[in-house]
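Asker: structure for this input, please:
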Amino acid sequence: MKKWHIILGSLLLIIILANGGYMLYVHINTKQADNQINRIIEEAGIPENGIIVIEKTKYNQKVLSDEWWTKEITTEKDYENWKKTVKEQQHFLNGDKLTSKNESKLDSKTNCELKYNFAYYKNPDKVYGDYVISGDSVSSDAATRIFGYTIPKNHLPFKKNNP
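Answerer: A predicted model of the protein is given here:
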């Protein structure tokens, strides 16, 4: 009986240590990814006090694939432009009509439909940024007319031209 207690206790300790090690790995690497993403945000000229974090840096991995981290932000400048545009056009960028029932959405900065999505890949060590309007990725050419800041070209995702 005592032998089984030692075996079960040892197995439990191994499981706890493995889980703790994994959590520590994710935490440390998420901090590193956040620093890399923030460096690109700074390169884009976005002031630290103008950043509105919609989704903080989080770890992603699919089974037997590379791991990556994502962060989604908007800015004070983009939020104000979005709010103004929606009021002037009387509809959201997703096409929904602005009504008295949904007008309160304009009061929350995290509802802004102009977003920057960043992804950090560890292998190769690279950060990509993307412009997103109402959930849809847009080209950097279209984005420069709408967004308040420009993601450095060498950090835009590679997209094939479709014939």
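Asker: for the longest strand along the chain, packing partners?
Answerer: Longest strand in the chain, counting residues (DSSP state E): strand 51-61. If you count contacts as 3 or more CB pairs under 8 Å, 6 or more residues apart in numbering; DSSP states H and E, strand 51-61 packs onto helix 2-43, strand 67-75. Where you see a C-beta, it was placed from the backbone N, CA and C, and this is true even at glycine.
Asker: what strands flank that strand, and is each parallel or antiparallel?
Answerer: With DSSP bridges as the test, strand 51-61 is paired with strand 67-75 (antiparallel).
Asker: next SSE downstream of the partner strand?
Answerer: Following strand 67-75 in sequence order, the next helix or strand is helix 76-89 (DSSP states H and E).
Asker: quick one: contacts of stretch 62-73?
Answerer: Contact with stretch 62-73 is made by 29-30, 33-34, 37, 41, 46, 51-61, 115-123, 132, as judged by CB atoms under 8 Å, 6 or more residues apart in numbering.
Asker: straight-line length of that stretch, end to end?
Answerer: Using CA to CA, to the nearest Å, one end of stretch 62-73 lies 23 Å from the other.
Asker: and it, what's buried?
Answerer: For stretch 62-73, a neighbour-count test (16 or more other CB atoms under 10 Å) marks E67, W68, W69, T70, K71, E72, I73 as buried.
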